[in-house]
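[1] Next come a sequence and a model predicted from it.
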Amino acid sequence: MLKTVFNKREGFKFKHFSRKGYALFSCVGREVLVGTLSVATLTYAKADGVSVRTDMAGAGTADTVRTVMLGEVDVTASRAPLAGGRAPRIVTVLGRDEIAAAPAQSVNDLLKYAIGVDVRQRGPIGAQTDVGIRGGTSEHVAILLDGVNICDPQTGHNAFDLPVSLDDIERIEVVEGPAGRVFGTSSLLGAINIVTRKTAESGGSVSAEGGSFGYAGAEARVGVASGAWGNSLSAAYTRSDGYSRSKAGRLNAGFDGVKAFYSGRYSTPVVAFSWHAGMSLKGWGSNTFYSTLSDEQYERSSKFFTAVQAETNVGRFHLRPSVYWNRYKDRYEFYHNVPDRSPYNYHRTDVIGLGLNSWLDWALGRTAFGAEARNEDIISTTLGEPLNTPVPVHGTDRQYTVGLNRTNLSLYLEHNVTVGRFTASAGFTAVRNTWSEMPFKIYPGIDASYALTSRLKAYASFNTSLRMPSFTELYYSVDGHKADKHLRPEEMSAVEGGLKYSGGGVAAVLTVYRHWGRNMIDWIMDTTDGSTAVWTSVNHAESNSTGVEASVSLDLFRLLPRQGVLRSLNAAYAYIDQSQRREPGVQSLYALEYLRHKFVAGLGLRLLPSLDLDVKYRYQYRVGAYTDPDGVSRQYEPYSLVDARLTWRKPQYSLYVEADNLFDASYVDYGNVPQPGLWIIAGAKLNFSF
């Protein structure tokens, strides 16, 4: 999590700092450069507008919180940047060391160890995964790449078809709870921001791996840095035969994918520019992912991402403009390679966004204001209203015959103030969407914190947000589904409070929250209709949640300095209780299912100076019922999983072997999709510089 300063700014420099209310960290009206800082403090210093924690149980290594000497680093934040230690909201952060140590091959796998995150896999290694936060669905989370919204308005199911591999990522930030005034209207129940690595010196790496079920992967990354310029390029390929077969005996869970990512930056003392371009091309056997009527479903998607951002570096008034364009294409086959039995569904979505964030330092604090315009356009064979002129589907004899276009306009205002040990951040977003013809509606929020001692901090917040229905929820009416194009936007309000302790090799967080959801969207089936029952998209009247999260992380190198084997020990627990309107005989596909209990833990060991062992444990109990492929209604059963990774690491190379589901447990994340048993992967990585 080290951030190299490319654009050295004019500022004060310190060897240490105080926590007094009159200290310069509290009252200076600009960024402060810190000359000496521990990694543990740095971990709490950068999270795009919020304070951070590293309590992903079992995800980290103790090395990430040991005190070391660093060069100068920026202590910044946004939407209105605050000194990191004073920001009043918590976000979970997974940094470079945690990413390298975890037994994971994708961002989806990493997020399984975040205590407030529900990762529902329909296939391993990121083949297809729904990611929710605090009892929500995959539609309720804003996904950002370097702060740019990359949510797919067609469906949240494919939101994690990312162009970056794990080696491209500097850190992953997870904000839990409504965050509309910071991350926009997609963040009904939270946001996940993937921050990529910025090239500081020229070099690169190559890696290869293989494992169970015909799995193979290869990756290459190269970066070139020279003065104010920095550029990096990466490419990766993965594939697997899959772990299951259809009733006809054919493999139906295999996948293959290619991704590539380019990023660049140019920095001067006055202004900094950054840009990226990426693509993800992927196909996967969808088994019984979306319906039990076919066990040979298949899907192929292609996604392209581009963005340009800038930021001014001097003066009391700062500007941060951005522009982006993302294109998503998807082909869904209800029966793989049998289009005559059920015609393939084709979709093409274009998203164009233009945003401006700015902030001003003045006598009463720091004020941020800005706006974003986001246009979402889809042409499809099944989703939308009839087009005036059909558009040919490239490479086929089919045509896009329907589509939809909508624009979301958002205005932001936020003010931050620090008085002594107290910090508050309050503001709102005003939203208007052309699809629903809604007028501007205001969604406010406030976060506050108070430092009880130098190590213990109390915080509280009230936040609101909304989400527009996806194109699939509005128009998908084929293959046993019936959508409602008159669905209303979902709305969420939440209060939250808690305590955070950090110091002496111990980090702990306790959080209690209450959510009030209105017009929540779900697909439901009335089983009393028998063989004529279909999945229908509806607005539930309300869905309220009460939750508790607790976590503790121990740096055993610090707590037990005379031993050198035990690195870290982490544990976290989350509990949710939802009150929802449930009709007899009604089965939910998403919203009425949630994790009531989740427990994660991890142990990090240093067996030899270059040999680390990381073991992760996860227990989950899900509320809800499902109909299995044989048509039998079943309740979800709790399950426990153990994952492990053994790594031999040298500066020039690393070797590793990891096991997912080490004890070969049987479990399901979605009721009609059995998950694989023990999955073993071994690989090697070579680093080079020039």
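    In hand now; what should we look at? None of these values were measured; they are calculated from a predicted model.

[2] Quick one: residues contacting the residue sitting nearest the centre point of the chain.
    Geometric centre of the chain, nearest residue: I192, 3.1 Å, by C-alpha atoms, centre = their mean. Contact analysis of I192 by C-beta atoms under 8 Å, 6 or more residues apart in numbering lists 111, 131, 141-144, 172-175. All C-beta atoms are positioned from the backbone trio N, CA, C, and that covers glycine.

[3] That one in helix, strand or coil?
    Following DSSP: H, G, I helix; E, B strand; the rest coil, I192 is assigned to strand.

[4] I'd like the contacts of I192 as a markdown table, with pLDDT appended.
    A markdown table is the format used below for the contacts of I192 (pLDDT from 0 to 100):
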| residue | pLDDT |
| --- | --- |
| L111 | 92 |
| V131 | 91 |
| V141 | 93 |
| A142 | 92 |
| I143 | 94 |
| L144 | 93 |
| I172 | 91 |
| E173 | 89 |
| V174 | 91 |
| V175 | 90 |
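
[5] Now V119: closest residue in space that isn't a chain neighbour?
    K112 (4.6 Å; C-beta to C-beta, 6 or more residues apart in numbering).

[6] distance of that neighbour from F304?
    28 Å (C-beta to C-beta, to the nearest Å).

[7] between the two, who's got more neighbours?
    K112 (27 against 16; other C-beta atoms under 10 Å).

[8] Quick check: phi and psi at the more buried one.
    Main-chain dihedrals, K112, degrees, to the nearest 10: phi -60, psi -30.

[9] now for the one helix or strand K329 maps to, which elements pack on it?
    If you go by DSSP states H and E, K329 is part of strand 317-333. Taking 3 or more C-beta pairs under 8 Å, 6 or more residues apart in numbering; DSSP states H and E as contact, the helices and strands that strand 317-333 lies on are strand 148-149, strand 297-312, strand 345-362.

[10] between the second one and strand 345-362, how many degrees?
    Orientation note: strand 297-312 sits at an angle of 20 degrees relative to strand 345-362 (axes from the mean of the first three to the mean of the last three C-alpha atoms, to 10 degrees).

[11] Which strands and helices lie in contact with strand 297-312?
    strand 148-149, strand 271-287, strand 317-333.

[12] Dump these to a markdown table, plus mean pLDDT.
    Formatted as a markdown table, these follow (pLDDT from 0 to 100):
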| stretch | mean pLDDT |
| --- | --- |
| strand 148-149 | 93 |
| strand 271-287 | 94 |
| strand 317-333 | 95 |
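
[13] Please identify the deepest-packed of the ones you listed.
    The highest mean neighbour count among the helices and strands packed on strand 297-312, using mean count of other C-beta atoms under 10 Å, belongs to strand 148-149: a mean of 22.

[14] Centre of the chain to that strand, how far?
    Strand 148-149 sits 11 Å away from the centroid of its parent chain (C-alpha atoms, centre = their mean, to the nearest Å).

[15] What strands flank that strand, and is each parallel or antiparallel?
    Applying DSSP bridges, strand 148-149 is found paired with strand 142-145 (antiparallel).

[16] Against P343, how distant is N287?
    N287 is 20 Å from P343, by C-beta to C-beta.

[17] same deal with Y335?
    For Y335 relative to P343 (C-beta to C-beta), the value is 10 Å.

[18] Between these two, tell me which one has more neighbours.
    Y335 (17 against 13).

[19] got a list of what that one touches?
    294, 296-297, 341-342.

[20] Now for those: which two are most distant?
    Q297 and R341 (11.9 Å; C-beta to C-beta).

[21] So for the two, which sits in the more crowded spot?
    Legend: neighbour count by other C-beta under 10 Å for Q297 and R341, higher for Q297 (23 against 10).

[22] Bridged to that one, which residues?
    N287.

[23] Just the CA coordinates for stretch 562-577, please, in PDB.
    Extracted C-alpha coordinates of stretch 562-577, given in PDB (Å, rounded to 0.1, in the frame of the first residue of the first chain):
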ATOM      1  CA  ARG A 562      10.500 -13.200  20.600                       C
ATOM      2  CA  GLN A 563       9.000 -15.700  18.200                       C
ATOM      3  CA  GLY A 564       9.200 -15.600  14.400                       C
ATOM      4  CA  VAL A 565       6.600 -18.200  13.200                       C
ATOM      5  CA  LEU A 566       3.200 -16.700  14.100                       C
ATOM      6  CA  ARG A 567       2.600 -13.700  11.800                       C
ATOM      7  CA  SER A 568      -1.100 -12.800  12.200                       C
ATOM      8  CA  LEU A 569      -4.400 -13.900  13.600                       C
ATOM      9  CA  ASN A 570      -7.700 -12.500  12.500                       C
ATOM     10  CA  ALA A 571     -11.400 -13.100  13.100                       C
ATOM     11  CA  ALA A 572     -14.600 -11.400  12.200                       C
ATOM     12  CA  TYR A 573     -18.400 -12.100  12.600                       C
ATOM     13  CA  ALA A 574     -21.400 -10.600  11.000                       C
ATOM     14  CA  TYR A 575     -25.100 -11.000  11.900                       C
ATOM     15  CA  ILE A 576     -28.100  -9.700   9.900                       C
ATOM     16  CA  ASP A 577     -31.800  -9.900  10.700                       C
END
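
[24] May I see the buried residues of it?
    566-574, 576 (16 or more other C-beta atoms under 10 Å).

[25] and that stretch, what's its mean pLDDT?
    What stretch 562-577 shows for mean pLDDT is 96.

[26] Hmm, T464 and V495 touching each other?
    No. In terms of C-beta atoms under 8 Å, V495 does not count as a neighbour of T464; the distance is 10.4 Å.
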